[in-house]
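S.K.: what's the 3D shape of this:
(chains A and B)
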2 protein chains.
Amino acid sequence: MRNNKFELNWEVGFCDSINNIPEEWIKADVPGAVQLDWAKAKNYPDYKIADNYKRLYWTEDKCWVYRSSFAIDNIDTSKKYFFISKGIDYEFEIHLNGKKIFYQEGMYRKVDIEITGFLKTDNEILVKIYPVPKVNSEVADRFQAAQSTKPAASYSWDWHPRLIPLGIWDDTFIEARNSVCLSDLVSEYILSDDLKKVEGSIKVTGNSLKNKTYELKIISPSDKEYIVAGSFNDNTFIINYEINNPELWNPIGYGRQNLYECELKVYYNGDIADRKSKRIGFRKTKLVMNEGTWDEPKTFPKTRSVPPIQLEVNNNKVFCKGSNWVMPEIFYGTITNERYKVLIDLAVDANFNIIRLWGGAIINKDFFYDYCDEKGILVWQEFPLACMDYYDSAKYLSVLESEASFIIEKIKQHPSLAFWCGGNELFNNWSGMTDQSKALRLLNKLCYEQDQNTPFISTSPLMGMGHGHYVFFDHEKNETVFDIYTKAKLTANTEFGIAAPSSVDTLQSIIPEDELWPPKSGTAWEDHHAFNSWVGDTWLSQNTIEKYYGKLNNINELADYGQTLQAIGLQFIFEELRRQRPYCSMALNWCFNDCWPSAANTSIIEYPCKPKQAYYSLKKACRPILASVRARKFVWKPDELFECDLFLLNDSLLDIKAGEMNIFIKTSESKNKVFEWKYADSEGNKNILGPTVRFNLPNNINTQFELIAEVENHPEYNSTYKFRLEQTNKENQKTLNQ
Amino acid sequence: MRNNKFELNWEVGFCDSINNIPEEWIKADVPGAVQLDWAKAKNYPDYKIADNYKRLYWTEDKCWVYRSSFAIDNIDTSKKYFFISKGIDYEFEIHLNGKKIFYQEGMYRKVDIEITGFLKTDNEILVKIYPVPKVNSEVADRFQAAQSTKPAASYSWDWHPRLIPLGIWDDTFIEARNSVCLSDLVSEYILSDDLKKVEGSIKVTGNSLKNKTYELKIISPSDKEYIVAGSFNDNTFIINYEINNPELWNPIGYGRQNLYECELKVYYNGDIADRKSKRIGFRKTKLVMNEGTWDEPKTFPKTRSVPPIQLEVNNNKVFCKGSNWVMPEIFYGTITNERYKVLIDLAVDANFNIIRLWGGAIINKDFFYDYCDEKGILVWQEFPLACMDYYDSAKYLSVLESEASFIIEKIKQHPSLAFWCGGNELFNNWSGMTDQSKALRLLNKLCYEQDQNTPFISTSPLMGMGHGHYVFFDHEKNETVFDIYTKAKLTANTEFGIAAPSSVDTLQSIIPEDELWPPKSGTAWEDHHAFNSWVGDTWLSQNTIEKYYGKLNNINELADYGQTLQAIGLQFIFEELRRQRPYCSMALNWCFNDCWPSAANTSIIEYPCKPKQAYYSLKKACRPILASVRARKFVWKPDELFECDLFLLNDSLLDIKAGEMNIFIKTSESKNKVFEWKYADSEGNKNILGPTVRFNLPNNINTQFELIAEVENHPEYNSTYKFRLEQTNKENQKTLNQ
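M.R.: Here you go, the predicted structure:
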């Protein structure tokens, strides 16, 4: 009864024209990338080390051809045969036994084509892949991606070398299906405003379904069964159902991640001819006005209020804590479910509730979304547009429409989807798109048509939201993160970061020993983003680290102090943005992970899955409830009047009972209580703003001290803050003046 | 060969249920409004006088039924009969000979239904109109319109009494058509970026067209002929054509208003079976970024740049000078082509190049757009949404979709269309809609689908644009228009206004003699908007007028000084926004005209077509080229240091040759030259910024003086500015302190 899958063995080779055939064939791993196959066959050195990645540049402009020969000994004439691929990157043709049977531009649409009529006993299938798409440009930079839906980051980014994958990058096989069979189920639903009723539908497509009977069974998390039976009147058919008092899916921290199991059986001659299952979940997401924004603007002439970016899920306001995801492998065809799992588990463990799937990276494989559904991680999904002008050509708009339509249909079925976004930083001068750009009007239209009840924003940042800053200390403006974020008044800060070096192990594995110390531009440090990736040496930021920790003597100090500074800075920003709630509604740092081993980057997790120090400070800053202290600055003088504001931050739905917070100053010598704050009862999902505290620092401290906020009976709320001391000894090489 | 129209005679009456029939029938004027018919039949006093309009309140909640009996003596069986109406307001049924044959909610979609099968020799047609649509609300205010496409202003506005028309409001008749006939031609085209090529199409619909031959002839303004012939393969058919080097339509001031005549003939058995003509024009409009806006924001965290609102037509940047149009009759069914013509001629004569068709008013009848095409007046077209939350109900969205779709199809064919806009002030707190509101996402989608090459904005103001202020002097902030607009930095100011009383004649015609002086709230003055229409007495603003001109003694002084102050203020604002070009790209005052005789309003043209003083000052401020002086304030002291900036403003495409501007001060005593500015050559469509001029005022002036800027050899560029003197005599009742 079941459909049969045939896995194929593949070879690959290259040639100069799409009408040619390679002279040499090597073994291919599918899914994967042609570059990895070639590098493996030809014993290229690891592209992740030093500047070896440059040896793959030539692969961009070749045509690559996959070949698979397969025999079907007993062609079962009661079956239909299909060639299925969930992703071929990027523009390609499929030839079977000498006939061109398919063409597509776009790496996201699933290929699902019947091949029954072309089959013989011995068969040869070719997948011919065109060279990397490039907008005419003398310079090999990201702007070559401006008319394609490939991830822009592949063309080079400040954390990604130029390495542009081509090849079969997701599951690919031949499937023999019964003549009466199901090909696809698409779930849609409307959840009533009061969350009490689901009006749902399953759109069924398949073959020879007409007049066959079906049974749809939906099982709730608490084992309630809903059964709808009937008969199909066509090969495309919509089955409607209703569920009262649905068990809702919630993001982590706001309730259970309820998922329903849904199974459809088709009967033919009394037997089950085919069956398909899928997991569905129900939730309502909205973007509503941030508190306080309707009060602006105040004076005439009056412009508009800023757009809404406060996320509500199931009518709960969610403070979004999370991070920007980049592809966890340069050659994304090799990303495994296990890798997705480990990284998403790290996000959950960091107390994050959202991941922004940034428009310069790939649209993820299915497992990613399945696992976010399970774990309660919200997904901010962007379309593949980032940091350039995807201008209005008819050809590009047509490819974008087809790809986007498929992406919407695939992802809208996941309850973890929080909202759609056109792409990254499109309304800033480095991109040059505007609200009039057709690509964005088209995406709004498609999302409206296909997924009307999920919000859509054109880009990030929208007016009132912020991207950046990306440093602990801005040398030009002489400001630290303490200054920058305390005075910022943002509805959402959806990119901010501080770079840190990777761990010593990683550095030693990618930088040749003779280049290892001191770090210099023009070496493997630069290939791995320490220099000249953003502005000057920003990602390494050795001068900023030395400003606070003195002259660095070796790679161990660099990695340790650099990671410490990142940890302190990101702790401050995450807590500060949470303190600015409810006007501010989102804190998402740039970025979560690395696509390869970087020398220095704003990531909080090194390639492949190794947390930096900042990961642990964020994890604390993102606890649902915590004591939080807004200090005025990072560097103090002995005896100086210390000033800070106290908060008890609460993003959970739990009420807080009255209690007491004690503030201590801890030096190498002692730990002394400097303040007690008795806070009153407070309702859930709301911060408690406490007093401003002032006290003189001891005059006998040196180098550093800590401020500790302890909450009585709730040690899990306690927080610790590290500060540096200004050096008074002028002879000392350390130059702390901030 | 021609189709025959049968005009109908109508009666009307009311009843309490849509299933009933009126007990009394009176004569109805079609097009018109049921209220006017009833008032006429029952000798109601003129609703435009005093508070007579209130006598019509009861009409809102009745069902109104039109009836027409007509005989068709010789039903020509070779013909098909259609009932046509270009507008029935608002929700209605059509019954013919006892059968309900049609239902519609929405006043804009044309009714075009075949009735052949229902006809007898003697016929009775009924048009049954439902009561005024109202969202449940205790208060009879505009918010009752929140789920309909009726003009919101009818429900009461600060310049419109509550009077909500119902009835047949546009041309309505029966048409006998040949069996082979054309019903509609829709023109579309793509104009290449270099403006050198039109790829056009005419979408034809009709009856029995299949296999009939046609000839499409297009004649250019310079008499070039383009002929396409062929045969239809269906009743809906698209005829494509191409025109190289098209003669473009341009807005006034930027070239000719070229229009092509287009005629389609259908042949049947060698004869012309039907023919239809239409006039078309080709232009490219864009909204591009205003100069300087890409440089913002400057610092991190970075939000987005403001959206584009610089209009380009045929690649020329147009500084939009114009006004906000409101319906020129409360009972819009009575608006004639002649009225449209007189008002549009006034706009042309005022040197305006754009009219904003504000979302609280009606979508205009066809002639309006035809005449704008002829005259080169650009049309900013809004959908019928204004100042409230048109919330996401399925029923409303469905009506909006049908109505908007028709509106787009109708107006997109006019070259005068500059851009689409979702509606008025929807993203401000008094409305409460956001970028996520489905109505606006739907409108964006429909405009994208049906008219992709014309820009769409969601509302006005967008971020960076401004609406307001609406006073000469802001008592709360102690600022005049001189302060407010000099410091504003807007990309476009698309509503600003200063109220003035109507002329004495008008005031005497609407206000009972015993209420005429002094103006008081609670009288006909208030019914006609002088009091409590916006804030307090804002539209009358007697205190502001007296602040500058001393205590007013009679209605003549009120009207004269009030209109003078409006004229001075609007002159300043129009010139100031032009001086801020190119960052600022639009100056549109609120509002152009009146819908009835108002006692005081921000209009510059009194009902029906009478210019106020401000009209003439605007006309000067909007000349394509003019000398312009930015003075610091309106009220000065004798001997004070006068300061102003000089400009030569140029919105025309003409270059300016070097020349000289002389500045004079003119008092009751003398006219003295105080400055000479020699300006250099300058290219077209660009302002020349001159020096800042400072000189001491004479010490012997009193009450007022003028500054005159004279351009040598170009008296048509000369400008005059009026100023007031601060009163030093404390005994004087005039209190000038600004």
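
S.K.: show me the helices in the stretch 101-250 of chain A, by range?
M.R.: Counting by DSSP state H, counting those that start in this stretch, no segments of the stretch 101-250 of chain A form helices.

S.K.: contacting residues for the residue in it that chain B sits nearest to?
M.R.: The nearest approach of the stretch 101-250 of chain A to chain B comes at A:Ile190, 9.5 Å away (Cβ to the nearest Cβ). (C-beta placed from N, C-alpha, C; glycine too.) Contacts for A:Ile190 (Cβ atoms under 8 Å, 6 or more residues apart in numbering or on different chains) come out as A:198-200, A:453.

S.K.: highest neighbour count among these?
M.R.: The most crowded member of those, judged by other Cβ atoms under 10 Å in any protein chain shown, is A:Gly200 (24 neighbours).

S.K.: pLDDT score for that one?
M.R.: We have a pLDDT of 98 for A:Gly200.

S.K.: test my guess that it contacts A:Glu188.
M.R.: Yes: using Cβ atoms under 8 Å, A:Gly200 makes contact with A:Glu188 at a distance of 7.0 Å.

S.K.: which strand or helix spans whatever residue of the stretch 401-550 of chain A ends up closest to chain B?
M.R.: When scored by Cβ to the nearest Cβ, the stretch 401-550 of chain A has A:Gly466 as its residue closest to chain B, at 2.9 Å. Using DSSP states H and E, A:Gly466 falls within strand A:465-467.

S.K.: CA-only coordinates of stretch A:445-459, as CSV, when you get a sec.
M.R.: The C-alpha coordinates for stretch A:445-459 follow below in CSV (Å, rounded to 0.1, in the frame of the first residue of the first chain):
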residue,chain,number,x,y,z
LYS,A,445,0.1,40.8,-1.8
LEU,A,446,1.2,37.2,-1.7
CYS,A,447,1.2,37.0,2.1
TYR,A,448,-2.2,38.7,2.2
GLU,A,449,-3.6,36.2,-0.3
GLN,A,450,-2.1,33.1,1.2
ASP,A,451,-1.7,33.8,4.9
GLN,A,452,-3.9,36.8,5.7
ASN,A,453,-4.0,36.3,9.4
THR,A,454,-0.3,36.4,10.0
PRO,A,455,1.3,39.9,10.1
PHE,A,456,3.6,41.1,7.3
ILE,A,457,6.2,43.9,7.6
SER,A,458,8.1,45.2,4.6
THR,A,459,11.6,45.2,6.2
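
S.K.: hmm, who's touching it?
M.R.: A:190-191, A:284-287, A:307, A:309, A:401, A:404-405, A:408-409, A:412, A:417-427, A:433, A:435, A:440, A:443-444, B:304, B:435-436, B:438, B:441-442, B:444-445, B:448-449.

S.K.: re the thing from before, just the contacts of A:Ile190: which are in strands?
M.R.: Secondary structure from DSSP state E places A:198-200 of the contacts of A:Ile190 in strands.

S.K.: and of these, the nearest to A:Glu479?
M.R.: A:Val198 (50.2 Å; Cβ to Cβ).

S.K.: could you pick out the longest helix of chain A?
M.R.: As assigned by DSSP state H, the longest helix anywhere in chain A is helix A:555-579.

S.K.: mean confidence score for that one?
M.R.: pLDDT averaged over helix A:555-579 gives 98.

S.K.: try stretch A:673-687
M.R.: Mean per-residue pLDDT for stretch A:673-687: 98.

S.K.: show the end-to-end separation of that stretch, please.
M.R.: Using Cα to Cα, to the nearest Å, the end-to-end distance of stretch A:673-687 comes out at 24 Å.

S.K.: coming back round to it: can you redo the ones in strands among the contacts of A:Ile190 as CSV, where the extra columns are distance to chain B?
M.R.: Formatted as CSV, these follow (distance: Cβ to the nearest Cβ, whole Å):
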residue, distance to chain B
A:Val198, 16
A:Glu199, 12
A:Gly200, 16
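
S.K.: for the helix or strand just after the longest helix of chain A, the distance to its chain's centre please.
M.R.: On the C-terminal side of helix A:555-579, the nearest following helix or strand under DSSP H and E is strand A:586-589. Offset of strand A:586-589 from its chain centre (Cα atoms, centre = their mean, to the nearest Å): 12 Å.
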